[in-house]
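# Have a look; sequence and predicted model below, questions after that.
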Protein chains: 2
Amino acid sequence: MAKRALPLKRTNSRATSAEVAKLAGVSRTTVSLVLNDRGGELGISAETRARVADAAARLSYQPSHAARSLRRWRTNVIALLLYTLDSFYNAEIIGAAHAAALERGYSLNIMSAKFDEVQRRAYALLSGGVADGVIVAAPPADLAADLKKLADNGMPIVVMQHHSPDPAIQAVRVDLERGGYVATRHLIDLGHRRIAHIGSASQRLLKRRERSDGYARALQEAGIAADPHLVAMAEPSLAGGFSAMEELLAQDERPSAVFVYSDQMAIGALHALRKHGVRVPEAMAVIGFDGIALGGFVTPELTTVDYSRADIGRLAVEAVIGRLEGEAEPPPREQVLPVRLLVRESCGGARAAIDREGA
Amino acid sequence: MAKRALPLKRTNSRATSAEVAKLAGVSRTTVSLVLNDRGGELGISAETRARVADAAARLSYQPSHAARSLRRWRTNVIALLLYTLDSFYNAEIIGAAHAAALERGYSLNIMSAKFDEVQRRAYALLSGGVADGVIVAAPPADLAADLKKLADNGMPIVVMQHHSPDPAIQAVRVDLERGGYVATRHLIDLGHRRIAHIGSASQRLLKRRERSDGYARALQEAGIAADPHLVAMAEPSLAGGFSAMEELLAQDERPSAVFVYSDQMAIGALHALRKHGVRVPEAMAVIGFDGIALGGFVTPELTTVDYSRADIGRLAVEAVIGRLEGEAEPPPREQVLPVRLLVRESCGGARAAIDREGA
DNA sequence: ATTATTATCTAATACGATTTAGATAGAGGC
DNA sequence: GCCTCTATCTAAATCGTATTAGATAATAAT
């Protein structure tokens, strides 16, 4: 692991508040008060305030993050724990989260924790106080215990895109079950009866069955018997979607439509269909999930279940900050965002698009 | 900006080294020595070491990151500054960087600095000592001065995917000029003469002209006059590629091939071509740049200029750590990685693929 | 002239870990 | 019994900032 620390030496020549104090001819206390904007209320004269600000600027003083958070018990950092950086919707979530955090004076520390080792490290860092709160996307199952420990220690934790795994943990998520239902219902309304489903079979992530549940509910409601041969599970990736689709195509009696776990997998599935000469949407209708921008750029353009990635990022950040700044009423344990059908080309005719809104 | 800090209060009940010391019946010094694995060499008996380790485990002791880095002048964190999280190749770079960092006992703090405001914040954080070194991808022009200040203060800085903007800043980059040359040459070898180019016109990022330079060199070498009407610039995004392609299609005399700045833009361009009924590769050959996995899943599969994203991430991390741990010889200012042509479908016939290797 | 009040500023401490510079005790040499 | 040496451990100082609890001097009130 980590080698021995190198000889302790002050390498960089950053100015300290003491040096600012000396240059301005005041005490460290005054410097602290002025630079934290408490000079006015606490009776530091305007003239002194200006002198301190000037000295700080001249020395390009930047407070030491370590010293400040040691003293304040606050880092003003929110950690964003992601397990899949290649999810195409992450960028939007992160962008919105960033904006929301900034607005409240926080910054975001994105920790990608793909490997077990990184994950262990992330836990150590968090429990070492590297951030004030944590937002977790798609947590792996074995992290649940760690998260709970952090939450029990008073750290605000918000899970995105998943059910709250514990009463101490908030969740900001999308109505995935309804999404699965809406997608499948769309296919049924278009006249399909043999409707396949490609699901996510990630070993590591917490089970996410909601989409599949919605699929099953729509089938049942329409009086269509569930056929286990029409369900294929694979890793949630382009390649996973590809191989799951090939598996479905190997069936004796092929489906005429498929509801896919994510747009990413759906794009893999489209590729498999093209390779096997199956025309979309004529011979196979395909519907994805997530509404990523890329879906509008593939052939054919992907019909999908859309939701606001930006809302997820923003609400997650606001939930964490709300907890940190002690808002009056306890926050709701779960915030569930609506989904909406986004009809493009990959399912053919758009006649059912009108009243499938999930909001 | 940041509201006033809340009342100072010890909210979380993390154990401190003093509590571990008490439980183990030793001094804080001993705890520190033992937990930093210096107990052996400094004469702490095996029995005491075991007692301390046990006490630490029982209290689930985690050293305070703030206190430790305040004292050590080391955070063991490397910051990774990204300006575009939606670049599809970032995930691979980040994955490799993570692995390399972990191996040496460091962790990665990904800071997405899309907005100016975030960027200012990032600079403040870094200059406040939140990380020991920085890796910057695609730095905006206005950040160069900030980066230089950090570098002059002794912070190791490595730029990825770009020329080193300053002698104090290292670079790990790809031979983009050669990539542009190889791509264009491929099109020429396939018999094309009217070869268009879609470039990146990002206002904010540092100018990156290498790809275009390679394009120009290949044309000149083949005795083809450069035609400014065949060059379109746009934002480096799916939509940018789309609109640039439409612009090119509006020409009186259309090109027969196009070399696109990135795979992402190329996918946008493919979409424009399909929309306008231009068949690829028959009526228009398209070649991209980056070798992202997605390129193998679109219609038609995208021919591209590939390079190792993983090497970039790994080398960047190793460069930073090398500087931090004071390696003997000064590191090379630039490390330039090779590119290689990856022939798929979007340019038609593959006959020129053999000897265009860039390595 | 004394006391209270206000305006302005500061000395000293605390945060938690690491490190420097010893302290203590026992063993061995004489 | 005194001294040295080694093995084992520790007291105190330190990192840079924020905060608590005053200090000081000028002004106003009596």
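Looks like it arrived, so ask away.

# quick one: the helices in chain A?
For chain A, applying DSSP state H gives helices covering A:17-24, A:28-35, A:46-58, A:65-72, A:90-103, A:116-127, A:144-152, A:176-189, A:210-221, A:238-249, A:263-275, A:309-324.

# Which of those sits closest to residue A:202?
Evaluated with Cβ to Cβ, the helices of chain A place helix A:238-249 nearest to residue A:202, the distance being 8.8 Å. In short, each C-beta sits where N, CA and C put it, glycine included.

# if we can go back for a sec, between the helices of chain A, which has the poorest mean confidence score?
Across the helices of chain A, helix A:116-127 has the smallest mean pLDDT, namely a mean of 82.

# buried stuff in it?
Residues of helix A:116-127 classed as buried under the neighbour-count rule (16 or more other Cβ atoms under 10 Å in any protein chain shown) are A:118, A:119, A:121, A:122, A:123, A:125, A:126, A:127.

# if we can go back for a sec, which of the helices of chain A sits closest to residue B:275?
helix A:263-275 (17.0 Å).

# any idea how far chain B is from the residue in the stretch 201-350 of chain A positioned nearest to DNA strand D?
Residue of the stretch 201-350 of chain A nearest DNA strand D, by Cβ to the nearest atom of the strand: residue A:325 (14.2 Å). Counting by Cβ to the nearest Cβ, to the nearest Å, the gap from residue A:325 to chain B is 6 Å.

# What's the separation between that residue and residue A:74?
Using Cβ to Cβ, to the nearest Å, residue A:325 is found at 10 Å from residue A:74.

# okay, residue A:12: pLDDT?
Looking at residue A:12, its pLDDT is 54.

# same check, this time on residue A:350
Looking at residue A:350, its pLDDT stands at 48.

# Of residue A:325 and residue A:74, which one has the most company?
Each of residue A:325 and residue A:74 has its neighbours counted (other Cβ atoms under 10 Å in any protein chain shown); residue A:74 has more, 18 against 12.

# surely that one meets residue A:130?
No - Residue A:74 is beyond contact range of residue A:130, at 11.9 Å (criterion: Cβ atoms under 8 Å).

# Just the closest of the buried residues of helix A:116-127 to DNA strand D, please.
Nearest to DNA strand D among the buried residues of helix A:116-127, counting by Cβ to the nearest atom of the strand, is residue A:125 at 19.0 Å.

# Isn't the closest one up against residue B:65?
Yes - with contact defined as Cβ under 8 Å, residue A:125 reaches residue B:65; the gap is 6.5 Å.

# Could you find the closest non-adjacent residue to residue A:286?
Closest residue to residue A:286 apart from its sequence neighbours, by Cβ to Cβ, 6 or more residues apart in numbering or on different chains: residue A:346 at 4.5 Å.

# Number of residues surrounding that neighbour?
Residues contacting residue A:346 under the criterion other Cβ under 10 Å number 27.

# Could you pull up the residues touching it?
A:266, A:270, A:280, A:281, A:285, A:286, A:287, A:288, A:300, A:301, A:302, A:303 (Cβ atoms under 8 Å, 6 or more residues apart in numbering or on different chains).

# Burial check on the fifth one, number of neighbours?
Read it as residue A:285. Residue A:285, neighbours per other Cβ under 10 Å, totals 23.

# In contact with it, which residues?
By Cβ under 8 Å, 6+ apart, the contact set of residue A:285 is A:187, A:190, A:192, A:256, A:257, A:258, A:303, A:346, A:347, A:348.

# how close does residue A:38 sit to residue A:31?
Distance of residue A:38 to residue A:31, computed by Cβ to Cβ: 11 Å.

# wait, doesn't residue A:24 sit right on residue A:52?
Yes - assessed by Cβ under 8 Å, residue A:24 is found in contact with residue A:52 at 4.6 Å.

# Spit out the residues that contact those two alike.
With contacts taken as Cβ under 8 Å, 6+ apart, residue A:24 and residue A:52 have A:30, A:31 as neighbours in common.

# In the stretch 1-150 of chain A, what residue comes closest to DNA strand C?
Residue nearest to DNA strand C within the stretch 1-150 of chain A: residue A:43 (3.0 Å; Cβ to the nearest atom of the strand).

# Count the residues that sit near that residue.
So residue A:43, with other Cβ under 10 Å, has 9 neighbours.

# ok, residue A:38 and residue A:31, which is more surrounded?
Taking other Cβ under 10 Å, residue A:38 and residue A:31 do not tie; residue A:31 has more neighbours (27 against 14).

# Leaving aside the residues adjacent along the chain, what's closest to the residue most central in space within chain A?
With distances taken as Cα atoms, centre = their mean, chain A has residue A:137 as the residue nearest its mean C-alpha position (4.4 Å). The shortest distance from residue A:137 to any non-neighbouring residue, by Cβ to Cβ, 6+ apart, is to residue A:160 (4.6 Å).

# okay, now the one you found: neighbour count?
25.

# Pull the contacting residues for it.
Residue A:160 neighbours (Cβ under 8 Å, 6+ apart): A:93, A:135, A:136, A:137, A:138, A:171, A:172, A:173, A:312, A:313, A:316.

# Please apply the same query to residue A:53.
Counted by Cβ under 8 Å, 6+ apart, residue A:53 has contacts A:34, A:35.

# Mind doing that once more with 7 Å?
residue A:34 (Cβ atoms under 7 Å, 6 or more residues apart in numbering or on different chains).

# swap in residue A:233?
A:199, A:200, A:201, A:244.

# swap in residue A:52?
Contacts of residue A:52 (Cβ under 7 Å, 6+ apart): A:20, A:24, A:26, A:30, A:31, A:34, A:35.

# ok, and the closest non-adjacent residue to it?
Among residues not flanking residue A:52 along the chain, residue A:34 sits closest, at 4.2 Å (Cβ to Cβ, 6+ apart).

# Residue A:27 now?
Among residues not flanking residue A:27 along the chain, residue A:21 sits closest, at 5.8 Å (Cβ to Cβ, 6+ apart).

# Just to check, the one you found is in contact with residue A:29?
No - in this structure residue A:21 lies outside contact range of residue A:29 using Cβ atoms under 7 Å: 8.4 Å.

# so how far is residue A:240 from residue A:232?
Taking Cβ to Cβ, one finds residue A:232 at 10 Å from residue A:240.

# Next: residue A:107.
34 Å.

# So between those two, which is more surrounded?
Counted by other Cβ under 10 Å, residue A:107 and residue A:240 do not tie: residue A:240 has more neighbours, with 24 against 20.

# Against residue B:177, how distant is the more buried one?
From residue A:240 over to residue B:177 the distance is 37 Å, taken as Cβ to Cβ.

# Next, the closest residue to chain B within the stretch 101-250 of chain A: phi, psi?
The minimum distance from the stretch 101-250 of chain A to chain B, using Cβ to the nearest Cβ, falls at residue A:105 (2.9 Å). Main-chain dihedrals, residue A:105, degrees, to the nearest 10: phi 90, psi 20.

# near chain B, which residues of the stretch 201-350 of chain A show up?
Residues of the stretch 201-350 of chain A lying near chain B by Cβ under 7 Å from any Cβ of the partner chain: A:238, A:267, A:268, A:271, A:274, A:293, A:294, A:297, A:298, A:299, A:325, A:326.
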